[in-house]
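Enquirer: Need coordinates for the below:
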Amino acid sequence: MKKFYQLAICAIVALSLSGCFGGTTEPEFRLSDLQGLWQRDNTQEFVRFTTEQSDEAGYLYGREWDEDDSEGLATYESDLLEARDKLGHPGNGWFKYKFTTSDGGLHEIHLMDNEGAEIPKEYIVSKLTASELVYYEKGRENWKYSFSKFVETK
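Expert: Residues are numbered from 1 along each chain as shown. Predicted coordinates for the structure are as follows:
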């Protein structure tokens, strides 16, 4: 009978401890929530995560631009598309990306016009919903980028 009580006490302790560890869950991210047009903090800066395949390694294309014309330097999405068509490949303003839905890892390779340079960046997505996106560059947790999903009108 003594062994029965010891076993029962161990079972109760094990069950109570498993409740302590099982309550924390990692956020779930979906690629479908990431894809689309995003506007940064009510500015004229935009980023679009597309479903266009960029290469056999599984990267997808994205593009970013700034429509603020206060200094006469506004760029529009149509400018990026036109430049791609002229060059025969994406360049400035374009990036390739992979998104790891399990841990929120956002791996981007920014493409440049000059001799096809590629600049890798790694971000961590801290919040992603159908309408809100927040991420930061790995190693720079205090420098966050916040976006709202932009509803396009046709």
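Enquirer: Quick one: neighbours of residue 85, just the number.
Expert: Look at residue 85: counted by other CB atoms under 10 Å, it has 9 neighbours. (C-beta placed from N, C-alpha, C; glycine too.)
Enquirer: tell me the phi and psi of it?
Expert: Per-residue torsions, residue 85: phi -60, psi -40 (degrees, to the nearest 10).
Enquirer: Point me to the helix or strand that includes residue 136.
Expert: In the assignment (DSSP states H and E), residue 136 maps to strand 132-137.
Enquirer: which residues are contacting that strand?
Expert: Identification of contacts with strand 132-137 by CB atoms under 8 Å, 6 or more residues apart in numbering yields 34, 38, 104, 106, 121-128, 142-149.
Enquirer: Quick check: phi and psi at residue 101.
Expert: phi -70, psi -20.
Enquirer: Which residue, other than its chain neighbours, is closest to it?
Expert: Spatial nearest neighbour of residue 101, chain neighbours left out: residue 29 (4.7 Å); criterion: CB to CB, 6 or more residues apart in numbering.
Enquirer: for the record, mean pLDDT for the strand holding residue 136?
Expert: For strand 132-137, mean pLDDT rounds to 94.
Enquirer: if I pick the spatially most central residue of the chain, what's in contact with it?
Expert: Geometric centre of the chain, nearest residue: residue 106, 4.7 Å, by CA atoms, centre = their mean. Residue 106 is in contact with 34, 97, 98, 99, 100, 122, 123, 124, 125, 135, counting by CB under 8 Å, 6+ apart.
Enquirer: residue ranges of the helices in the protein, please?
Expert: For the chain, the helices defined by DSSP state H cover 2-22, 31-34, 77-87.
Enquirer: between these, which gets the lowest average pLDDT?
Expert: Minimum mean pLDDT among the helices of the chain: helix 2-22, a mean of 49.
Enquirer: Pull the residues that contact stretch 69-80.
Expert: Against stretch 69-80 from outside (CB under 8 Å, 6+ apart): 44, 46, 48, 63, 65, 66, 67, 68, 90, 92, 93, 94.
Enquirer: switch to 10 Å and redo it
Expert: Stretch 69-80 is contacted by residues 37, 44, 46, 48, 63-68, 82-83, 90-94 when judged by CB atoms under 10 Å, 6 or more residues apart in numbering.
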